[in-house]
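In: this is a predicted model, with the sequence first.
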Amino acid sequence: MKFHYKIMIVKRIIPSLANFRDVGGRVTPLGYFPEGVILRSGNLGKIKKEDLNLLYDQGVRHIIDLRSKNAKLRDPSPALEDQRFDVHEYLIKAGERLPIDRADTVTNYLEIFASKEELLVILKEIIWLGKGTLIHCSAGKDRTGVVCSILLAIAGCSIEEINEHYLLAYQDLDEHVAWLRTRYPNLTSAYYTPDITLGLEVAKRLKEIYQTRENYYAFLGLTENEISAIRDLLFQKK
């Protein structure tokens, strides 16, 4: 099993926006998931107004902001004042706490994956919003990572491919981690240190709990029609 996160250097397409990248641009056993459908990033509240043009040029039209209420008050998204963007704000409560160590990091991810009411609303919103949807939280790693992992799973990606995509988030965390350390001096290194085994352990625990992907989708409350609608969006069949 090979992972390439150490050599796949993430170059900022948008200078003031961390962790911006496309979720698509990949072939899966179920079809081709093109670029420009679902994108992801870190804190959009940090983007400079002049860089919103670059965001628009990348095809972003809809924005799903998963940050906490306090984070949104601290760094209001400049996109809210730009009529070119359609901004939707949601919360995933389980993703608002910082883990205390590696074991708690695994637990925290399981809590986010178990946030079925919040995740169901977000996934349904993605169906309606369609192509050009950007998903972001504060770091672009945890809440955003879980939502994107679910989408990649529905697209038919392997656990290894999903994990490799997740690991890329660690390459553009420096600014966010520096800010966190000013507020949380005892921030665990598990939060910002790439760990190939972490995502695989979370996947193993999810399998123990739900057995199959289909069972997990049922747990979230996704219907077969909604799963088909997500795939149609990801593969741009309609």
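Out: Great, that's in hand.
In: which residues in the protein form helices?
Out: Per DSSP state H, the chain carries helices over the ranges 52-57, 69-74, 102-113, 116-129, 143-154, 159-167, 174-183, 196-210, 213-220, 224-234.
In: export those helices as JSON lines, with columns for mean pLDDT and distance to residue 34.
Out: In short, each C-beta sits where N, CA and C put it, glycine included. Formatted as JSON lines, the helices of the chain follow (pLDDT from 0 to 100; distance: least, C-beta to C-beta, whole Å):
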{"stretch": "helix 52-57", "mean pLDDT": "97", "distance to residue 34": "17"}
{"stretch": "helix 69-74", "mean pLDDT": "95", "distance to residue 34": "31"}
{"stretch": "helix 102-113", "mean pLDDT": "97", "distance to residue 34": "26"}
{"stretch": "helix 116-129", "mean pLDDT": "98", "distance to residue 34": "16"}
{"stretch": "helix 143-154", "mean pLDDT": "98", "distance to residue 34": "13"}
{"stretch": "helix 159-167", "mean pLDDT": "96", "distance to residue 34": "15"}
{"stretch": "helix 174-183", "mean pLDDT": "92", "distance to residue 34": "29"}
{"stretch": "helix 196-210", "mean pLDDT": "97", "distance to residue 34": "24"}
{"stretch": "helix 213-220", "mean pLDDT": "98", "distance to residue 34": "22"}
{"stretch": "helix 224-234", "mean pLDDT": "98", "distance to residue 34": "9"}
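In: tabulate those helices (a markdown table), appending distance to residue 22 and mean neighbour count.
Out: Formatted as a markdown table, these follow (distance: least, C-beta to C-beta, whole Å; neighbours: other C-beta atoms under 10 Å):
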| stretch | distance to residue 22 | mean neighbour count |
| --- | --- | --- |
| helix 52-57 | 13 | 17 |
| helix 69-74 | 24 | 12 |
| helix 102-113 | 22 | 18 |
| helix 116-129 | 15 | 17 |
| helix 143-154 | 10 | 24 |
| helix 159-167 | 10 | 20 |
| helix 174-183 | 20 | 13 |
| helix 196-210 | 19 | 16 |
| helix 213-220 | 23 | 16 |
| helix 224-234 | 12 | 17 |
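In: out of these, which gets nearest to residue 11?
Out: Of all those, the one in closest proximity to residue 11, counting by C-beta to C-beta, is helix 52-57 (13.2 Å).
In: identify the residues contacting that closest one?
Out: 13-14, 17, 20, 47, 78-79, 82, 84-85, 134 (C-beta atoms under 8 Å, 6 or more residues apart in numbering).
In: can you get me the start-to-end distance on stretch 152-162?
Out: End-to-end span of stretch 152-162 (C-alpha to C-alpha, to the nearest Å): 7 Å.
In: separation between the closest residue in space to residue 95 that isn't next to it in sequence and residue 151?
Out: Excluding the flanking residues, the one nearest residue 95 by C-beta to C-beta, 6 or more residues apart in numbering is residue 143, at 3.8 Å. Note on residue 143: its distance to residue 151, by C-beta to C-beta, to the nearest Å, is 13 Å.
In: so how far is residue 194 from the closest residue in space to residue 193 that isn't next to it in sequence?
Out: Of all residues not flanking residue 193 in the chain, residue 170 sits nearest, at 7.4 Å (C-beta to C-beta, 6+ apart). Per C-beta to C-beta, residue 170 is found 4 Å from residue 194.
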